[in-house]
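Student: sequence and predicted structure below; questions after.
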Amino acid sequence: MADVLPILALTEARLPIDPDGGATLPITLTLMPGELVLIELSVRERVTAIADVACGCLGPREGRVAFLGRDWRDQPPETADALRGRIGRLFGAEPWLPWMTVADNVLLAPLYHTRLPRPALLADAARLARRFGLPGLPVGFPETLAPGDLSRAALVRAFLGRPRLVVLEDPTGAAGTAILPALLAEARAARDDGGAVLWLTHRPGVAADRSLPATQRWSLLGQRLVPLTARAA
């Protein structure tokens, strides 16, 4: 039987976590298919830095970061862009293109990176929207939605298109903990489909929350990440 390829592997990587370019965070971490990994940090900017490194948008100072076995640094721009098309991401700042409707924002990346026709993507987006507590996929512009509804639409965007890796930046932020049952259900579906989920948060106590079915748990201690005891999920 062939070896299973890691979804994401950070090997002796030193991640830039200081906006001024000084401090780095050493980390070695592997996400295999089916895993849900929780990482708790104390500062929001560090959450974004790890998400950027995982998605190949920010390079480590040292070490290696590979997605599906490919080191981000070795990929030409077109290949890196195509690989990022297999990653779903919930952004901490929830960037939206203001001149496009929420629906078009949600569909933009999957339409570009997958072969699924628009009607199929629309149907799945509507299903996800209802799953996350919306009556359907919002058709208005981002500025017209309440923050909580916009956060739910952002979750639709993160899980749409059957991504191999889902990177979540503080997913219970604006949407609140009421979103947890739907969030965990979609995370389980992604994992059962051979994907992996990287859950990043700056909120204390999340990594140690045993109600969250993580396979790995990490927390920042000083200037390094330390593993917490995890249970299989």
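Tutor: Happy to help now that I have it. Residues are numbered from 1 along each chain as shown.

Student: first-to-last residue distance for stretch 162-172?
Tutor: From its first residue to its last, stretch 162-172 covers 21 Å (C-alpha to C-alpha, to the nearest Å).

Student: what lies in contact with that stretch?
Tutor: 7-8, 31, 44, 47-48, 51, 54-55, 67-68, 86-92, 155, 158-159, 179-180, 183, 187, 190, 193-203 (C-beta atoms under 8 Å, 6 or more residues apart in numbering). Every C-beta, even on glycine, is put in place using the N, C-alpha and C of the backbone.

Student: can you check stretch 201-208 too?
Tutor: Contacts with stretch 201-208, where a contact means C-beta under 8 Å, 6+ apart, come from 38-44, 46-47, 169-172, 199, 212, 214, 217-219, 228.

Student: what about burial for those residues, which qualify?
Tutor: Neighbour counting over those (16 or more other C-beta atoms under 10 Å) leaves 38-41, 44, 46-47, 169-172, 199, 212, 214, 217-219 as the buried ones.

Student: contact partners for the closest residue in space to Ser42 that isn't next to it in sequence?
Tutor: Distances taken as C-beta to C-beta, 6 or more residues apart in numbering put Leu220 closest to Ser42, at 5.7 Å, once the chain neighbours are dropped. Counting by C-beta under 8 Å, 6+ apart, Leu220 makes contact with 25, 40-42, 46, 226.

Student: looking at the contacts of stretch 201-208, which are in strands?
Tutor: 38-40, 169, 199, 217-219, 228 (DSSP state E).

Student: need the strands for the protein, in chain order.
Tutor: So, for the chain - with DSSP E - the strands run 8-16, 24-31, 36-40, 62-67, 70-71, 87-90, 165-169, 196-201, 216-221, 224-228.

Student: what lines up beside the shortest one in the sheet?
Tutor: On the basis of DSSP bridges, the sheet neighbours of strand 70-71 come out as strand 62-67 (antiparallel).

Student: then the second one?
Tutor: The pairing partners recorded for strand 24-31 under DSSP bridges are strand 8-16 (antiparallel).

Student: how about the third one?
Tutor: According to DSSP bridges, the neighbouring strands of strand 36-40, each with its direction, are strand 196-201 (parallel), strand 216-221 (parallel).
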